[in-house]
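Colleague: Quick check, what structure comes out for this input:
(2 chains)
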Amino acid sequence: MKFFKIIIFLMIYMSLIVAGEYQVDKDREGNLVKFISDAPMEDFEGVTEKIDGYIFWEGNDLLNKNEMYFEVDLNSLDTGIGLRNRHMRENYLETDKYPFTHFTGKLVKAEQEETGKYNVTAEGTMFIHGVEKPLTVEGTMLATENGFRIQVKFITALSDFNIKIPQLMFFKIDENMKLELDFFVKKVEQD
Amino acid sequence: MTKNVTTRVSIWILLLVVLMGTVLSQERARWQRSEPVTQPDLQLFHSPLVIDLPSATTLQKYDFEFEVSHRFIPTTGSGIRDFYGLDGPAHIRLALAFAPSDHMVVKLGRTNFNDNIDLWLKYKFLQIRHPKVPLLLAFKAGGAWNSYPEYPEISQRKKSDLRNFQAFGQFIINTMIGKRLGIGLVPSYVYNTDIRWGPETDDSETKDTFRMGTYLQFYVSPLWSIMWEWSPYVAGYKSLPGQEYNPMSFGIELETGGHFFKIFLTNSQYINTSQYLAGADIAVEKNDWRIGFMITRLLKFGKK
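Modeller: As a prediction, this is how the structure comes out:
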C-alpha cells in the first residue's frame, strides 16, 4: 500500500515537473503588435497580428526554469499607406534581409496582482534589423481559459538597431518607437 | 522468495517512473514556425506614374491617390519675362485614383485643355520575383471625353457627340536593375487621335496612333530619383496639327511617406493620356522646353 502511495506521489510530482509550453494562439482574434511614431508633423502607427512564438517552463512556478521566444513578421506591418509600408520595409527595416524581429528571454519576476493576473518582468535580447540588444520589458499576464493574455509596452530607440531615418522638413519619424504588444498564448497539449 | 521478487519489481517500477519524469522534465519547447514570412506585393517603380507614362506600380488596397499636374504653356525660351514659363498660363490636371485591390487602380482625371475627362483602369497581372531581373507586367485601358473642345472648327458640335470620345490602351513592362535603375516599355495605342473629323472638316476618317513609350528612372537615394521618358511614334496617324513630335520629358522626383513631388522639362503641353499620346508640339532639336510638375498624395479613409 505504501508502495502505491509512493507511485501516486511520484505521478503527481511528474505532472508538476512535466514541461509546459504555451504557444501564440494564432487562431484567436485580438493578437496585436503595434508601433507608434510620434513625429512633429505626422504621427502614425503600424500594426500587425503576425506574432508567433512560445513560453516554455517547468512546473507551476512562473519563474522556475523558463524560456520564451516571440517573433513578429515585419513584412506584415501595415501603417495604413502602401508607400509608407514599402519605405519601412525596404529603406529602414530591410525586411528582405531581416524579415523577423524577435525577443528571446525568460521571466525573472512575477507578482500576482489579483487572481489570474500577474505583473511580470522578462529579460532577454531583442533582435531588430540585424542587431541584438539586451532588453528588459514589463507587462502583465492574464490567465485565460486555456492560457494567458500577455500585454507589454516598451520604447526602443531606432538608432540602437542601426535604423537610419532620413530627416526631411516635412517627413520625420520619431527616433523613439513606442511598441505595444497584446496577444494570447494557449497551452500546447502533450502528445 | 515471493517477497524478494515483489521488491525487485517495485524497485524497477520506481526507477522507471523517476526516469520518465527526468526525461519528460528535460523536454524542450516544440514550437516551430508554421507559416512562411509574408510576401508583400512586388512593386518596382516607386510611383504609379513616371511623368506622363504609367509604371506597373499599383496602390495598396483601398488607398486613394490625389494628383495635381501642371504643364506651363510658355516655354523656357520665353526667358525671365515669363519667368521661363512659370507665369503661365498652364494646362492643369486634377485626378483621383482608387485601388479596389492590391493589383488594380481606377483613376478619374480632368485637364482644362478641351475639358478632357479621362477614366482608366490599370491592372497588374504578372509578377516575377527574379533576384536580378524582376519583372512586372500590367495594362492600362480607358477612355476620354473631350467635353468642351477648344478647336474652332468643331465648336458647334454637341458635347456628347461620339467623335469627342477617345480610347486608349497601354501594355506596361517594368524591370528594376540593382534596386536602383528602373526600366520601362509601354507600347501605347490611342483611338480617335484627332477628334476633328466629320463634315465640319471634310475628313471622314477616325485616326489612331501607336507609340512605344520608354522610360528610365534612377533612384539616387530613398528620397530622390531622376527620370527620363520618350514615346516615339511607331504607326498610325502622326501628323496631328501642332502635335507632330515625339513626346520627351526628363526631371527629378522626391518622395516621402505619402507624397511624390516631380518637376521636369517636357516638349509637350499635354497631360491626359489620349492627348500626350497624340504627340508633342515642340521638336526636341529646338531645345526649348516647358516646365511641368506633378504632386501626388496618398490618402486613406477609414480604418488604418
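
Colleague: For chain A, what is the nearest residue in the stretch 51-200 of chain B?
Modeller: residue B:60 (2.7 Å; CB to the nearest CB). No exception for glycine: its C-beta is placed from N, CA and C like everyone else's.

Colleague: Please work out how many residues are found near the closest residue to that residue other than its chain neighbours.
Modeller: Nearest residue to residue B:60, sequence neighbours excluded (CB to CB, 6 or more residues apart in numbering or on different chains): residue A:82, at 2.7 Å. Residue A:82 sits with 25 neighbouring residues when counted by other CB atoms under 10 Å in any protein chain shown.

Colleague: from what I can see residue A:39 touches residue A:174, true?
Modeller: Yes - the pair residue A:39 / residue A:174 is scored as a contact, 4.9 Å apart, by CB atoms under 8 Å.

Colleague: before we move on, the earlier item: ok, the residue nearest to residue B:60 touching residue B:65?
Modeller: No - counting by CB under 8 Å, residue B:65 is not a contact partner of residue A:82; they are 9.6 Å apart.

Colleague: what touches both of those two?
Modeller: Residues touching both residue A:82 and residue B:65 (CB atoms under 8 Å, 6 or more residues apart in numbering or on different chains) are B:59, B:298.

Colleague: Looking at residue A:39 and residue A:174, which one has more neighbours?
Modeller: Neighbour count, other CB under 10 Å: between residue A:39 and residue A:174, residue A:174 has more, with 19 against 14.

Colleague: Residue A:73 pairs with what?
Modeller: In this structure, residue A:73 bridges to residue A:100 when assessed by DSSP bridges.

Colleague: where does it land on pLDDT?
Modeller: Confidence at residue A:73, expressed as pLDDT, is 95.

Colleague: what about it, how many neighbours?
Modeller: 21.

Colleague: Same question for residue B:151.
Modeller: Neighbours of residue B:151 (other CB under 10 Å): 15.

Colleague: per-residue confidence for the residue nearest to it when sequence neighbours are not counted?
Modeller: Excluding the flanking residues, the one nearest residue B:151 by CB to CB, 6+ apart is residue B:196, at 5.4 Å. As predicted, residue B:196 sits at a pLDDT of 87.

Colleague: Report the contact partners of residue B:196.
Modeller: B:149, B:151, B:153-154, B:203 are the contacts of residue B:196 under CB under 8 Å, 6+ apart.

Colleague: among the helices and strands of chain A, which has the poorest mean pLDDT?
Modeller: helix A:2-17 (a mean of 50; mean pLDDT, DSSP states H and E).

Colleague: I'd like the next helix or strand past that helix.
Modeller: Note on helix A:2-17: by DSSP states H and E, the next helix or strand toward the C-terminus is strand A:19-24.

Colleague: Only C-alpha atoms, please: export the following helix or strand past that next one in CSV.
Modeller: Per DSSP H and E, the first helix or strand lying C-terminal to strand A:19-24 is strand A:32-38. This file holds the C-alpha atoms of strand A:32-38, laid out as CSV (Å, rounded to 0.1, in the frame of the first residue of the first chain):
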residue,chain,number,x,y,z
LEU,A,32,-1.9,42.8,-32.0
VAL,A,33,1.6,44.3,-32.3
LYS,A,34,1.7,48.0,-32.7
PHE,A,35,4.4,50.6,-33.1
ILE,A,36,3.6,54.3,-32.7
SER,A,37,5.7,57.1,-34.1
ASP,A,38,5.1,60.5,-32.6
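
Colleague: just to revisit the earlier point, any chance of the contacts of residue B:196 in a markdown table, plus distance to residue A:107 and pLDDT?
Modeller: A markdown table is the format used below for the contacts of residue B:196 (distance: CB to CB, whole Å; pLDDT from 0 to 100):
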| residue | distance to residue A:107 | pLDDT |
| --- | --- | --- |
| B:149 | 75 | 88 |
| B:151 | 78 | 87 |
| B:153 | 83 | 86 |
| B:154 | 80 | 85 |
| B:203 | 84 | 82 |
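
Colleague: Check the residues you listed against residue B:105 and report the nearest one.
Modeller: Checking these against residue B:105 by CB to CB gives residue B:149 as the nearest, at 27.8 Å.

Colleague: can you tell me which residues contact the closest one?
Modeller: Counting by CB under 8 Å, 6+ apart, residue B:149 has contacts B:114-115, B:155, B:157, B:164, B:195-196.

Colleague: Spatially, which two of the residues you listed are the most separated?
Modeller: Going by CB to CB, the pair spanning the contacts of residue B:149 furthest: B:115 and B:196, at 15.5 Å.

Colleague: low-confidence ranges in the stretch 101-250 of chain B?
Modeller: Of all residues in the stretch 101-250 of chain B, none has pLDDT under 70.

Colleague: Where does the most centrally placed residue in chain A fall, secondary structure wise?
Modeller: Closest to where the C-alpha atoms of chain A average out (CA atoms, centre = their mean) is residue A:70, at 4.8 Å. In the assignment (DSSP H and E), residue A:70 maps to strand A:66-73.

Colleague: What's the PyMOL syntax to select whichever of the contacts of residue B:149 are buried?
Modeller: Per 16 or more other CB atoms under 10 Å in any protein chain shown, the buried members of those correspond to this PyMOL selection:
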select buried, chain B and resi 114+157+164+195+196
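
Colleague: want to throw the contacts of residue B:149 into JSON lines with distance to residue B:298 and secondary structure?
Modeller: Output for the contacts of residue B:149, formatted as JSON lines (distance: CB to CB, whole Å; DSSP: H, G, I helix; E, B strand; the rest coil):
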{"residue": "B:114", "distance to residue B:298": "29", "secondary structure": "helix"}
{"residue": "B:115", "distance to residue B:298": "27", "secondary structure": "helix"}
{"residue": "B:155", "distance to residue B:298": "39", "secondary structure": "coil"}
{"residue": "B:157", "distance to residue B:298": "38", "secondary structure": "coil"}
{"residue": "B:164", "distance to residue B:298": "32", "secondary structure": "helix"}
{"residue": "B:195", "distance to residue B:298": "33", "secondary structure": "coil"}
{"residue": "B:196", "distance to residue B:298": "38", "secondary structure": "coil"}
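
Colleague: For residue A:110, name its beta-bridge partners.
Modeller: residue A:120.

Colleague: can you give me the helices in the stretch 151-300 of chain B?
Modeller: B:273-276 (DSSP state H, counting those that start in this stretch).

Colleague: who's in contact with residue B:146?
Modeller: B:114-116, B:164-166, B:195.

Colleague: Recalculate using a threshold of 10 Å.
Modeller: Applying CB atoms under 10 Å, 6 or more residues apart in numbering or on different chains, we find residue B:146 in contact with B:111, B:113-118, B:154, B:157, B:159, B:161, B:163-166, B:192, B:195, B:272, B:274-275.

Colleague: Report the buried residues of stretch B:99-110.
Modeller: B:99, B:102-107, B:109-110.

Colleague: Do any residues in that stretch lie close to chain A?
Modeller: Yes - Stretch B:99-110 reaches chain A (CB under 10 Å from any CB of the partner chain) through B:99, B:102.

Colleague: about what we covered before: any residues in contact with both of residue A:39 and residue A:174?
Modeller: With CB under 10 Å, 6+ apart as the test, residue A:39 and residue A:174 both reach residue A:165.

Colleague: ok, back up a step: the residue of the stretch 51-200 of chain B closest to chain A in helix, strand or coil?
Modeller: Recorded secondary structure, residue B:60: coil (DSSP: H, G, I helix; E, B strand; the rest coil).

Colleague: Looks like it contacts residue B:99 (just checking).
Modeller: Yes - under the contact definition of CB atoms under 10 Å, residue B:60 touches residue B:99, with a separation of 6.3 Å.

Colleague: shared neighbours, those two?
Modeller: Contacts common to residue B:60 and residue B:99, judged by CB under 10 Å, 6+ apart, are A:82, B:298.
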